[in-house]
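K.L.:
3D, please:
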Amino acid sequence: MKNRFTRKFRWSAAILSLIMMLIASGCGGSGNTDTLDAIKKRGKLVAGVKYDTKLFGLQDPATGNVEGFDIDIAKALAKKILGDETKVELKEVTSKTRIDMLKNGDIDIIIATMTITEERKEQVDFSDVYFEAGQSLLVKKGSPITGLESLNKDTKVLTVKGSTSAQNIREKAPDAVILEFENYQDAFTALKAGQGDALTTDNSILLGMQQQDPSFELVGGNFTDEPYGMAIKKGNPEFVKTVNELLKEMKDSGDYDKLYEQWMGVKPE
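P.N.:
Residues are numbered from 1 along each chain as shown. Predicted coordinates for the structure are as follows:
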């Protein structure tokens, strides 16, 4: 009787173990589904972009349309993968939310003024550099602030949560008071309202703000290198390869230069 019970227990345990392995295998297969395949099956690319960053991704409150350099890159990628640039869904991300949204599968790719860093490489895979930027300072014209050397314990510097800009300014100006906001538009609104003395982020983003309000200007030049990359969930080498192929094709054809000049007003160096 005891032997029969033991054999029955072992048999049940073996079946249970097999079921658990199959479940784990199924879950793993779903989690590791290649993003490129998923995009093709869905018939739509879901891109995480900024809605608050002039020149790169800015939503028109009147029409609801989002326009900018990053948006046009997303459309070009949709055309390469699916043959139609309109087959793209744009989802708003911020510097704080974008990596979690990518990991959770809410978006297929981040195209949102995202600087390539070693720390971020541990969480996501990056495309080749698609835009070269550098961090700078935006101030009201006539401000006594002329660069990093002007920042002290009495200076309030505005920036955005989760950005490399916030980390950089703390290192470059440790005595300054740093105030962080949810997005760039909120930070710029605060600067215009006199809640801070300077706003810091990439010069490309600050140039967009300057275009919005010419009473502000960039000072001090760039004090960092900020190479932008498109971020993709780890484990998708074919998708990374496809994105890099698109960048090469756009640069070889001259389409990249045209797009750059259209939005930035100057030709890329």
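K.L.:
how about low-confidence regions in this structure?
P.N.:
1-33 (pLDDT under 70).
K.L.:
the residue lying closest to Glu89 once chain neighbours are set aside: neighbouring residues, count only.
P.N.:
Leaving aside its sequence neighbours, Glu89 sits nearest to Val46 (C-beta to C-beta, 6 or more residues apart in numbering; 4.8 Å). From N, CA and C alone the C-beta is placed, and that goes for glycine too. Residues contacting Val46 under the criterion other C-beta atoms under 10 Å number 20.
K.L.:
likewise Asn65?
P.N.:
That count, for Asn65 with other C-beta under 10 Å as the rule, works out to 11.
K.L.:
now do the strands in the stretch 101-250 of the chain.
P.N.:
109-110, 125-126, 131-133, 135-140, 156-160, 177-181, 198-202, 216-219, 226-228, 231-232 (DSSP state E, counting those that start in this stretch).
K.L.:
list just the one of the ones you listed that sits closest to Leu77.
P.N.:
The closest of those to Leu77 is strand 109-110. By C-beta to C-beta, the value is 7.4 Å.
K.L.:
would you map the helices across the stretch 101-250 of the chain?
P.N.:
According to DSSP state H, counting those that start in this stretch, the stretch 101-250 of the chain carries its helices in the segments 118-121, 164-172, 184-192, 203-212, 237-253.
K.L.:
buried ones in the first one?
P.N.:
Neighbour-count burial for helix 118-121, counted by 16 or more other C-beta atoms under 10 Å, picks out Arg120.
K.L.:
what's the answer for stretch 94-114, then?
P.N.:
Residues of stretch 94-114 classed as buried by neighbour count (16+ other C-beta under 10 Å): 94-95, 97-99, 101-102, 107-114.
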